[in-house]
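# Make a model of this:
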Amino acid sequence: MPHIHPINTALFMTFRLYDSIPDMVYWKWEEELKEKIEYIKDMPVSLFHKQEMIYREQKLHFKKMDNYLHVDSKSEKYLIIPEIGQLVHDKIVGFHEKRYNLICSSVMPNHVHLLFEDYQLKTPETNILGKDKDYPVAQTMRYIKGGTAREANSILGKTGNFWQKESYDHYIRNDNEMDNVINYILQNPVKAGLVDDWTLWPWTYLVDYPSDAQHKCYATK
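Numbering: from 1, shown residues only. Down below sits the predicted model:
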């Protein structure tokens, strides 16, 4: 943080448990992505094509990390403990219409996906109370991760890092991508083999979000 967060765009966020991807593996992938991006920047093509190629590489990079979290991660999966999974879910949903407009989220065993918009939400109430009217996404993530880390460590009877410091973020570029990301988040527990239907996963949230494609890829919970 901070990464690219255009105003008035929805933001797809992923954050994970500490050491769920070993540093050696993570930074190797980061370096590989950096090298690919630098190579693309030097290519004799238009800026538009460069941006599209970089965007594809970033998506592949994310999929590589997400697949690792589902299949290869040997870290503890604390979020599948009911008390902790519910804690994180409640914290995320609790900020809806306070720090963001939450569209959907899913708390997985070792990572979390969420999609929200208007993360610089301003309301008359915040003006009356004299609170800061702007809610930068990095600050919001600190509130989510900081509060849940303390409580989760207390439940586990442990100290130290609970969440990985860095988070992955990606802003949504169009309606088609919005539907794809919503479907991706909701289907994550199914992809991981945790449930047969996403509505059976206890720590998934979906707002009543209008979309022409909604009936084609998922059902409102």
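
# Go ahead and name everything in contact with stretch 26-35.
Here stretch 26-35 makes contact (C-beta atoms under 8 Å, 6 or more residues apart in numbering) with Glu57, Gln58, His61, Lys64, Met65. In this view, the C-beta of every residue, glycine as well, is placed from N, C-alpha and C.

# Filter these down to just the buried residues.
Glu57, His61, Met65 (16 or more other C-beta atoms under 10 Å).

# Not counting its neighbours along the chain, what's nearest the first one?
Leaving out its chain neighbours, the residue that sits closest to Glu57 by C-beta to C-beta, 6 or more residues apart in numbering is Lys36, at 5.0 Å.

# So which of the buried ones among the contacts of stretch 26-35 are in helices?
Here DSSP state H is the test, and those give Glu57, His61, Met65 as lying in helices.

# Export these to JSON lines and append columns for distance to Ile80 and pLDDT.
Listed next are those as JSON lines, based on distance: C-beta to C-beta, whole Å; pLDDT from 0 to 100:
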{"residue": "Glu57", "distance to Ile80": "31", "pLDDT": "90"}
{"residue": "His61", "distance to Ile80": "25", "pLDDT": "87"}
{"residue": "Met65", "distance to Ile80": "19", "pLDDT": "86"}
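
# could those residues be laid out in CSV, adding distance to Val107?
Below are these laid out as CSV (distance: C-beta to C-beta, whole Å):
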residue, distance to Val107
Glu57, 28
His61, 23
Met65, 17
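
# which among those residues gets closest to Asp196?
Met65 (25.1 Å; C-beta to C-beta).
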